[in-house]
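Novice: whatever this is, show me its structure:
(2 chains)
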Amino acid sequence: MFENKKDNQIVKLPFGLRDILPFEIKERNKIKEIIGREFKLWGYGEVYTPVIEYTKNISIGAGKNWKDKLINFFDVDGSPVSLRTDMTIPVARLTGMRIKRNQLPVRFCYFADSFRQSGIQKGMSRIYNQAGIEFIGSSSAIMADIEILVILINILNGLNLRNYKIGLGHVEFIEGLCDWFKLDPKDREHIKKKVVMKDFVALENFLSKKNKNKAEVFLKLIQPESNIERISGLISGIKEQKVIKSLDYIKEIYDILERLDYGGCLVTDFSIIRDFDYYTGLLFEVYHSNIADIIGSGGRYDGLIKKFGMDVPATGFALDIDLTHKAMKEIDLKESLKILIKGGNNENAVDLMKFARKLRDKGIIVELSFEDIHDPESFAKEKNCDLLVEVEPDLNNVKINDFKKNVKRVKEISEFIKEIKDEKRN
Amino acid sequence: MKKEIKIAIPKGYLFDQCVDILKKAGYKIEPLMEKNRKLSIYSGEDSMQYIISRPMDVPVYVEHGACDIGFSGKDALMEKESNVYELLDLKSGKCRIILATLKDRVEKVKEQYRHFGSIRVATSYPNIAKKYFDRKGMQVEIIKLHGSVELAPILGIADEILDITSTGKTLEENDLMEMEEVVVSTTRLIANITSYRIKYDLISNFMNKIKNVIK
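Specialist: Residues are numbered from 1 along each chain as shown, chains lettered A, B, ... in the order given. Model prediction:
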C-alpha cells in the first residue's frame, strides 16, 4: 500500500528528517521496552526536557564546532534558541536547577530526539533518537562508570546484539602524551584536532619532526588494543602522571568488568575523542559489525554541571535507537492475535461493537471494517491479521478464515467468542 | 564474522600504482588484472573483496561501510571531508592541486580582482576551493565542473581554475599557467571507523604488509 506512489501526492520534508510508520514504531517500542526495563531495574528515573533551549545554555558544553551543529531559531523576544543537540546538557541544566545536594546521587534516564545540523550533500540524518542514562553525583567515580558500562552491556546482550565491541578511552591519556612531548598549547590543539579527524598520517608527520622514536610509540598507543597489558609494556618508559593514572583507571575498569564476566567485548582505544568538549575522564564508544557508524557512546563529564550551578561529578551514555534497530537481525515482538471483522452495516453496528469489545477484553486486536472491500482476504493479510472473520448481517454465524492454519469454517457467534483466545501470547 | 576485508580501489590513474603496491606486498593481483568491466572482484586466496570505484567515491564507500578500507587520494579526502581513519601515506600517486589561469590573462585577472573584489573559479573541488579562498579572505564565485576544467577559462566562464596536475602537460597544452599551489596530494590508506575496531586484526595485518613495501 505504501509503494503505490501514483495514489499519493509528493510532498517534501526538510532534508535529514523522516516520518516513521507503525511497523517500524512497533519494533522500536520493543527495543525501548527492553532498554527501559534495564534502566528501571537499576533505579533510573525517566526525565523529559523541552526540545528547545536557549542557545547560550546548549553551547556551554558543546565542542568547538558547535555552531555548525546547532539548528537555531529566534524566540519572540529575539533571544537565540536552538534544538537540543543531545540530552546530557539539558539533564545537566535540569540537575543544576532542580536537584538539592542532599538528594545526590541521582540516576536519570531518557528516551528523546536530539537534533544536529548536517551538510545537505552528506545526506545525513539531522534527528537522533536516543536512549540514555546520566548518573550524577556519585563520589565513587570508578563504581559509577562501571555501573553504566554494565547497564550498557546488559542492554546490548538483552537486545541479542552479537558482534559488538565497546572501545574504552580516557581524555587525559592524550593530554599526558602531549606532556611527554613537551608540546606548547598550540601544538596540543593541533594534535587533538588531528586525532579527532582520525588523520594518523598527519599525526605521524608532525610528531616525527619532534622525535621519531617517541612518535612511533605515540601512534602505537592510540591503536585499538584488546590486551591492555601490551599498552602497559609500551608506556614503561613514560613517567607522565596523566598517562599512568588514566591507563591505571582503564585497567581497573577492565579488571572489575572481567571479574563480572563482562570483559569479552572490551577494546582499549585512546584515539577515542568525542565531539563534545565536556568529557573529563573515561570515554567509550559502541561499535557493531553490521553498522558503519558508532551506535552508542558515553563517558565522564565532571565539569559540566558546575556550569549550571552545582559542582558534581557525573557519567552517562546514550544509545542511538535507529542504529541499534538496524544492527538487530530480528525482533521478537510477541504480538497479540489480530482479527479483521467484516460485515458491519448500519443496522448491526452496535452489536458488532459489543462483539468486538468481548474479543478486545481477551487482549485480541480487532480491526472493524464497515467498508466495501474488494478482496477481504488479501486486505486482512496485508494488515497482518491472523484471522478474517466475516459476520452475517444478523450476527448469528461467523465465517472464520484462519490464515495460519489455512482452514475456513462457519461457527455460531457465541461459540466463537467462547473458544477464541489470544494464543500467540499465552 | 567473516574473515575477509572489503577494499575500495580507485579507477583511473591511481589504479596501476595501487595494484603495484598490492603486488609488492604479496597479494595476488591476477583477479584485478582481468580485462573485463567487473567492478566487484573477489580474491579467494587472500580473502579480499576488491571494489573498483571512482577515486572521489572511495572515501564515501569507506565512510558508509560499503568497504572496510580503501586507497584514496588526499585530494578526495579533503574534498569529501569523510569521517574515516587515515592510516598510512602510500607516498605514491603524487599530484598537486593548483590554481591556474590563461597565460595571457594573468595581469587581467589580477586587475579584475582589484577592481571587482571577486573572481570566478572553475573546479571539480568546490569544497577545497571554498576553504582555500576563505583562508585567504578572498571572495570568489565557484563553478563546479565534472572534469575538463581547463576548458573553463578558454570558454570564458571562469577567470581561474583550481585543479589537479601531476606533470603539468594538460596545463601547457591548454595555454594555462600555474599561479599558486594549493596542496600536494598522495594516496592514503583509509579505514571505516567501525571496521577499524571490529576487524582491527585483519586491517593492521594488511597495513603492516603495505607499510613494509612503501618508502
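Novice: remind me, longest strand of chain B?
Specialist: Ranked by residue count under DSSP state E, the longest strand found in chain B is strand B:176-185.
Novice: so which bits of chain B are right by chain A?
Specialist: When proximity is defined by Cβ under 8 Å from any Cβ of the partner chain, chain B lies next to chain A at B:1, B:63-66, B:83-89, B:188, B:192-198, B:200, B:204. Placement of C-beta: from N, CA and C, glycine included.
Novice: what strand or helix carries the residue of chain B positioned farthest from its centre?
Specialist: The outermost residue of chain B relative to its centre, with distances by Cα atoms, centre = their mean, is residue B:115 at 34.7 Å. Under the criterion of DSSP states H and E, residue B:115 resides in helix B:106-116.
Novice: give me the nearest residue to residue A:74, chain neighbours excluded.
Specialist: residue A:80 (6.2 Å; Cβ to Cβ, 6 or more residues apart in numbering or on different chains).
Novice: contacting residues around that neighbour?
Specialist: By Cβ atoms under 8 Å, 6 or more residues apart in numbering or on different chains, residue A:80 lies in contact with A:54-56, A:72-74.
Novice: what residues does chain A put near chain B?
Specialist: Chain A comes close to chain B at residues A:163, A:165, A:167, A:197-202, A:204-205, A:223-224, A:267, A:269, A:287-289, A:291-294, as judged by Cβ under 8 Å from any Cβ.
Novice: buried only: go through these for me.
Specialist: A:165, A:167, A:197-202, A:204, A:223-224, A:267, A:269, A:287-289, A:291-294 (16 or more other Cβ atoms under 10 Å in any protein chain shown).
Novice: take those residues and keep only those in helices.
Specialist: Among these, DSSP state H puts A:200-202, A:204 in helices.
Novice: still on that earlier bit, tell me which of the residues of chain B next to chain A fall in helices.
Specialist: B:63, B:193-198, B:200, B:204.
Novice: the residues you listed, buried ones only, as a ChimeraX selection?
Specialist: This is the ChimeraX syntax for the buried subset of those, where burial follows 16+ other Cβ under 10 Å:
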select /B:63,193,194,195,196,197,198,200,204
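Novice: now do the contacts for the closest residue to residue A:111 other than its chain neighbours.
Specialist: In space, and not counting its chain neighbours, residue A:111 is closest to residue A:131: 5.1 Å by Cβ to Cβ, 6+ apart. By Cβ under 8 Å, 6+ apart, the contact set of residue A:131 is A:32, A:35-36, A:39, A:109-111, A:318-319, A:321.
Novice: quick one on the thing from earlier: and the angle for the longest strand of chain B with helix B:106-116?
Specialist: If you take axes from the mean of the first three to the mean of the last three Cα atoms, to 10 degrees, strand B:176-185 sits at 80 degrees to helix B:106-116.
Novice: between the contacts of residue A:131, which is nearest chain B?
Specialist: Nearest to chain B among these: residue A:319, at 15.1 Å, using Cβ to the nearest Cβ.
Novice: hang on, that closest one in a helix?
Specialist: No. According to DSSP: H, G, I helix; E, B strand; the rest coil, residue A:319 belongs to no helix; its state is strand.
Novice: residues contacting it?
Specialist: Neighbours of residue A:319 in contact, by Cβ under 8 Å, 6+ apart: A:35, A:130-132, A:152, A:155, A:286, A:295-296.
Novice: so it bridges to which residues?
Specialist: residue A:131, residue A:296 (DSSP bridges).
Novice: roughly how far apart are it and residue A:288?
Specialist: Spatial separation of residue A:319 from residue A:288 under the definition Cβ to Cβ, to the nearest Å is 11 Å.
Novice: who touches both of the two?
Specialist: Common neighbours of residue A:319 and residue A:288 are listed as residue A:295 (criterion: Cβ under 8 Å, 6+ apart).
Novice: what ranges in chain B fall below the confidence cut-off?
Specialist: B:1-2 (pLDDT under 70).
Novice: in it, what residue comes closest to chain A?
Specialist: For chain B, Cβ to the nearest Cβ, closest residue to chain A: residue B:65, 2.6 Å.
Novice: count of neighbours near that residue?
Specialist: 17 (other Cβ atoms under 10 Å in any protein chain shown).
Novice: can you check the pLDDT for the closest residue to it other than its chain neighbours?
Specialist: Among residues not flanking residue B:65 along the chain, residue A:292 sits closest, at 2.6 Å (Cβ to Cβ, 6+ apart). pLDDT for residue A:292: 88.
Novice: mind listing what's buried in the longest strand of chain B?
Specialist: Of the residues in strand B:176-185, B:176, B:182-183, B:185 count as buried by neighbour count, 16+ other Cβ under 10 Å.
Novice: reformat these as TSV; add distance to residue B:162.
Specialist: As requested, those are exported to TSV (distance: Cβ to Cβ, whole Å):
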residue	distance to residue B:162
B:176	12
B:182	6
B:183	10
B:185	13
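Novice: who's in contact with the residue of chain B closest to chain A?
Specialist: Counting by Cβ under 8 Å, 6+ apart, residue B:65 has contacts A:291-293, B:192, B:194-195.
Novice: do residue A:385 as well
Specialist: A:338-340, A:367, A:403.
Novice: give the buried subset of the residues you listed as a ChimeraX selection command.
Specialist: In ChimeraX, this line selects whichever of those come out buried by 16+ other Cβ under 10 Å:
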select /A:338,339,340
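Novice: max pairwise distance over the contacts of residue A:385: which two?
Specialist: A:367 and A:403 (14.2 Å; Cβ to Cβ).
Novice: in helices, which of the contacts of residue A:80 appear?
Specialist: Among those, the members falling in helices are A:55-56 (criterion: DSSP H).
Novice: between the contacts of residue A:80, which is nearest residue A:180?
Specialist: Looking across these and measuring by Cβ to Cβ, the closest to residue A:180 is residue A:56, at 36.9 Å.
Novice: state the distance from that closest one to residue A:308.
Specialist: In terms of Cβ to Cβ, residue A:56 sits 12 Å off from residue A:308.
Novice: and the two? which has more neighbours close in?
Specialist: residue A:308 (18 against 11).
Novice: hang on, the more buried one packs against residue A:97?
Specialist: Yes. With contacts counted by Cβ atoms under 8 Å, residue A:308 reaches residue A:97, the gap being 6.8 Å.
Novice: which elements pack onto the helix or strand encompassing residue B:141?
Specialist: Secondary structure assigned from DSSP H and E places residue B:141 in strand B:140-144. With contacts taken as 3 or more Cβ pairs under 8 Å, 6 or more residues apart in numbering or on different chains; DSSP states H and E, strand B:140-144 sits against strand B:119-123, helix B:126-136.
Novice: C-alpha coordinates for it, PDB please?
Specialist: Taking Å, rounded to 0.1, in the frame of the first residue of the first chain, the C-alpha atoms of strand B:140-144 are listed here in PDB:
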ATOM      1  CA  VAL B 140      35.200  34.100  -5.200                       C
ATOM      2  CA  GLU B 141      32.400  32.600  -7.200                       C
ATOM      3  CA  ILE B 142      32.900  28.800  -7.500                       C
ATOM      4  CA  ILE B 143      31.700  27.000 -10.600                       C
ATOM      5  CA  LYS B 144      31.600  23.200 -10.200                       C
END
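Novice: report the buried residues of it.
Specialist: Applying 16+ other Cβ under 10 Å to strand B:140-144 flags B:140, B:142-143 as buried.
Novice: name the residues that touch that strand?
Specialist: Contacts to strand B:140-144, defined as Cβ under 8 Å, 6+ apart, come from residues B:118-124, B:126, B:129-130, B:133, B:152, B:157-158.
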